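Undergrad: Everything below, folded, please.
(one chain, ligands or ions: 1)
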Amino acid sequence: MMRFLLGALLLLVLAGCGVADDYPDLIESDLLPYFRAEFPHQRIVLMIEGDVNDDGIDDLVVVFRVDPEHNHKVTVFSIPNGFELTEPIPAPFQDVDMEFININDQPPNELMISGRRGINFGLGILRFYDDQWVDLFGGLDGCC
Ligand SMILES: [Ca+2]
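TA: Sure, this is the predicted structure:
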């Protein structure tokens, strides 16, 4: 009986890890097909919608796996005649989390992104400025 319970517990833990790893909580987004047009096979780690460039239209930030050892991040912008994608940049590799915040009561919103690579934890406050993401405090060194 004890062996069965341990086996069942192990299965539950493994299943839980598998679900969390393979099927993240994907949000519904009209911009997702544009990401998929550019990156049809990459596994999405996490995505978040919010107005990155202060034009009043939500944009889509996607962290995705580019190879077994690295994640990248791109942003999909809705523009009048279609969409634009930023160049992919490195993103934290494990335990990725993202949230839009506003640190100075001025538009645009900043993106808070955190995660780790092994024991190297990183937390970055990014602002989209001059058509690229700027890490305001350099907090992502070592975790991407
Ligand atoms: Ca926008």
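Undergrad: Who is the most centrally placed residue in the chain paired with across the strands?
TA: In the chain, the centroid-proximal residue (Cα atoms, centre = their mean) is residue 63; its distance is 3.2 Å. Here residue 63 sits in beta bridges with residue 46, residue 73, as judged by DSSP bridges.
Undergrad: for residue 123, same thing?
TA: Here residue 123, judged by DSSP bridges, has bridge partners residue 114.
Undergrad: pLDDT value on it, please?
TA: pLDDT recorded at residue 123 is 97.
Undergrad: Would you agree it is in contact with residue 139?
TA: Yes. Between residue 123 and residue 139 there is a contact under Cβ atoms under 8 Å: 4.8 Å. For the C-beta atoms, the positions are set from N, CA and C on the backbone; glycine is no exception.
Undergrad: okay, and the common contacts of the two?
TA: Shared contacts of residue 123 and residue 139 (Cβ atoms under 8 Å, 6 or more residues apart in numbering): none.
Undergrad: any idea how far residue 92 lies from residue 42?
TA: Counting by Cβ to Cβ, to the nearest Å, the gap between residue 92 and residue 42 amounts to 16 Å.
Undergrad: Settle it for me: which of the two has more neighbours?
TA: residue 92 (27 against 18; other Cβ atoms under 10 Å).
Undergrad: Verify the stated contact: that one with residue 143.
TA: Yes. Using Cβ under 8 Å, residue 92 is in contact with residue 143, at 4.6 Å.
Undergrad: any residues in contact with both of the two?
TA: Shared contacts of residue 92 and residue 143 (Cβ under 8 Å, 6+ apart): 115-117, 122.
Undergrad: Alongside the ion, which residues does the chain contribute?
TA: 51, 53, 55, 57, 59 (Cβ under 5 Å from the ion).
Undergrad: Residue 37 sits in which helix or strand?
TA: Using DSSP states H and E, residue 37 falls within helix 32-38.
Undergrad: Tell me the helices and strands packed up against that helix.
TA: In this structure, helix 32-38 packs against strand 43-50, strand 59-67, strand 70-79, strand 82-85, with contacts taken as 3 or more Cβ pairs under 8 Å, 6 or more residues apart in numbering; DSSP states H and E.
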